[in-house]
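Peer 1: next come a sequence and a model predicted from it.
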Amino acid sequence: MLGGADEMKQRVEFKTISEADEDLEKAATLDRRDSMSLSSENSLPNVNERAGSESPSLRWIDNSNAKNAVLVALSAFYALVLTIFALVMELSHLLSGTGKRPNHLKDFVFGMYMYGMSIIFFLYLYAVLLLNPRWYKTVAKVKSLLSFQKSSSESDITCDGASTTAATIHRRVTHDSPSAGSLFLRLGSVVFGVIGIVYYSFSVFLCFNDDECESVTAVLDIGATVFVFTQMHFVFCNWKISITGAHFVARLGTMHLVSVNLWTWIRYVLKEESIMEREIREIFMPKYFNFSHHDGSGEEVGRAPISHGSSHDERCEGAECVLGSLAELMYTSIVEYSLIGAAVMFTVWKNVDHVRVPTVYVKRKHQIRVDCSKTTTGLFLGLAFLAGTFTSMAVFYGYTLLHQSHTAAYVFGITDIIQYVTAMLGCVYALWTMRQLRYHDRPQSSNVKSQELLDKILLSLGMIGELIYSVAGLVGLTGEKPWEALTFVLLLVHITRLAQVGLQSCLIYIASKLRIQGDHELRTSQPGKQAITFLLIANIAMFLMNLFESEKAGVSETIVNFYGKKSWVFLVRSFSPLTIFYRFHSSVCLGEVWKNVYSWKG
């Protein structure tokens, strides 16, 4: 009994002690809570101070958008400086008065810098940006093969996962950007680019076989050949590229390409100008030896000593001496190619960082679907128009070889009038039949908007050249001179040309806004498609006619004498490349109308 009482007493004591301990722990807990609350209240200002110190800076140099805007402005300024530098250098050669273009050290250094930096940037694009994910995939496979800790199945899964992750994270480009050029524009760049490559390659061949040719000329032509070919491939294959990494290098490089294309455009426009100046100077020479032998013969007076037996042969350069008038055709092709290249590269520059988060890589599209229904009549009418154009060229050459340049000028002028009147009728018919189509007022994607903006800019540029060409020709023809039959023919050529250019530009602008919009009846009839097909081929024919005019007919003495002063002739002929480009880009825009307006998806 006593033992049980002692045990109960111990339990009571232990319970009392444990309760006392619990009371002490509760008191300690309350004290800690009070101290924590006090410390938190005391530390609250410190937390606020730290939060205030960690808030984003308001300085513009810490703003990513501001820094991006500065880099964009710097790249544009860089291209502007290069373009002005190129313009001054090329004008200095033209105004120097020397017959043959000299190749000084500064020309070689500047040319190699322009072409060299362009080629290096293209190598960077292909090796680092476009092919970059393949490198990461190879590295991932090597790492998986060297890993001995995991099983073969796990290593295969790791390899596939690593390659996919690398392709997503490390790929710095995507092809989901607004288009930098339509299919027809890119095909045109390929055609003009191939002609440019032929010219540069032939110039290199002639330089290696000519002891008087300087080696620096061959080096520059080789650089130009590589540049033209590389850019031609890039433009044709990567028309929807958006660079998502290395933004400053991408912007600086694309602007450098813009300046190189503008330099090429300026260089060959001035080269055409210098050739034209020599030819027109000989036309306006006071020594017309034909007057003494053929006094009163209007056919023989039309021949001027432009090439054979004149000093022109002594002042020609390289391919110009061998190719003759064909060299001017190649110059024009290089001018058109550089203009397209500058426009496309400017669009690529705008598209840099267009896709901010490239979570899924978009591949290039390699399929083209075209609906060729309802085109047979327009196609064969266009082919007849093209055949008539070629026939007119052959007749012109025939009369020229027979030394009847006055009659040849009549043939050329009448052909122009027939072409413009026929094209105007085609435009009127197209506008009349397309009145049944629907106006496309749905919100368009950025891709379509960018392509339409580029087409409008290029078409407006060519239209300005056409307007200046025609208006200057009209003013030159209406000077104080005896009016003859050929004067009225040339006057009518410029009037019909002005009317056709205005009507066709209006048609392209209106037609680009029209769609069939899911109407089954319109899908079956496709109103206006025959007329658009005809106008597309007709503009190709007039493009070839303008090329022929710039190469031969426009600088004959009979035509030049009717314009009057040399200043008017220079003004008219200086805008000839833009008139050629207008016809080319009109066919491009009509091709886009032909493809998009009658598309069932539209």
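Peer 2: Done, it's in. Numbers count the residues shown, from 1 in each chain.
Peer 1: what ranges does the stretch 351-500 of the chain have for its helices?
Peer 2: Remark: helices assigned in the stretch 351-500 of the chain by DSSP state H, counting those that start in this stretch are 376-401, 405-433, 446-477, 485-511.
Peer 1: could you dump the ones you listed to TSV with mean neighbour count and distance to S118?
Peer 2: Backbone N, C-alpha and C define where each C-beta goes, glycine included. Below are these laid out as TSV (neighbours: other C-beta atoms under 10 Å; distance: least, C-beta to C-beta, whole Å):
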stretch	mean neighbour count	distance to S118
helix 376-401	16	37
helix 405-433	20	39
helix 446-477	18	21
helix 485-511	19	33
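Peer 1: of those, which approaches I580 most closely?
Peer 2: Taking C-beta to C-beta as the criterion, helix 446-477 is the member of these that comes nearest to I580, at 8.3 Å.
Peer 1: would you mind getting the angle between that closest one and helix 485-511?
Peer 2: 160 degrees (axes from the mean of the first three to the mean of the last three C-alpha atoms, to 10 degrees).
Peer 1: now for helix 446-477, which elements pack on it?
Peer 2: helix 326-351, helix 485-511, helix 557-563, helix 566-574, helix 576-596 (3 or more C-beta pairs under 8 Å, 6 or more residues apart in numbering; DSSP states H and E).
Peer 1: setting aside sequence neighbours, what's the nearest residue to L71?
Peer 2: Taking C-beta to C-beta, 6 or more residues apart in numbering as the measure, L71 lies nearest to F248, with 5.0 Å between them; neighbours along the chain are not counted.
Peer 1: what's the angle from the one helix or strand that neighbour maps to to helix 576-596?
Peer 2: Take DSSP states H and E as the rule and F248 turns out to sit in helix 247-283. Here helix 247-283 points in a direction 130 degrees away from that of helix 576-596 (the same axes, to 10 degrees).
Peer 1: what helix or strand is M112 on?
Peer 2: If you go by DSSP H and E, M112 is part of helix 105-124.
Peer 1: list the buried residues for that helix?
Peer 2: Within helix 105-124, the residues that qualify as buried by neighbour count (16 or more other C-beta atoms under 10 Å) are 107-108, 110-111, 114-115, 117-118, 121-122.
Peer 1: which stretches in the stretch 51-200 of the chain count as strands?
Peer 2: With DSSP state E, counting those that start in this stretch as the definition, the stretch 51-200 of the chain shows strands at residue ranges 173-174.
Peer 1: excluding its backbone neighbours, what's nearest F85?
Peer 2: In this structure, F85 finds its nearest non-sequential neighbour in F110, 7.4 Å apart by C-beta to C-beta, 6+ apart.
Peer 1: pLDDT value on the residue nearest to L71, please?
Peer 2: pLDDT recorded at F248 is 84.
Peer 1: equivalent analysis for G554, please.
Peer 2: At G554, the pLDDT value in this model is 53.
Peer 1: I figured the residue nearest to L71 was touching V72, is that so?
Peer 2: No - the criterion here is C-beta atoms under 8 Å, and F248 misses it with V72 at 9.3 Å.
Peer 1: the more surrounded of these two?
Peer 2: V72 (18 against 15; other C-beta atoms under 10 Å).
Peer 1: L252 is in contact with that one, correct?
Peer 2: No - here V72 lies out of contact with L252, judged by C-beta under 8 Å, at a distance of 10.2 Å.
Peer 1: and the helices of the stretch 351-500 of the chain as CSV, adding distance to E592 and mean pLDDT?
Peer 2: CSV is the format used below for the helices of the stretch 351-500 of the chain (distance: least, C-beta to C-beta, whole Å; pLDDT from 0 to 100):
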stretch, distance to E592, mean pLDDT
helix 376-401, 16, 88
helix 405-433, 14, 90
helix 446-477, 7, 81
helix 485-511, 9, 90
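Peer 1: local confidence estimate at the nearest residue to N546 once chain neighbours are set aside?
Peer 2: In space, N546 comes closest to I580 once its chain neighbours are excluded; the distance is 4.7 Å by C-beta to C-beta, 6+ apart. What the model reports as pLDDT for I580 is 88.
Peer 1: for I580, which residues are in contact?
Peer 2: Residues counted as contacts of I580 (C-beta atoms under 8 Å, 6 or more residues apart in numbering) are 332, 336, 543, 546-547, 550.
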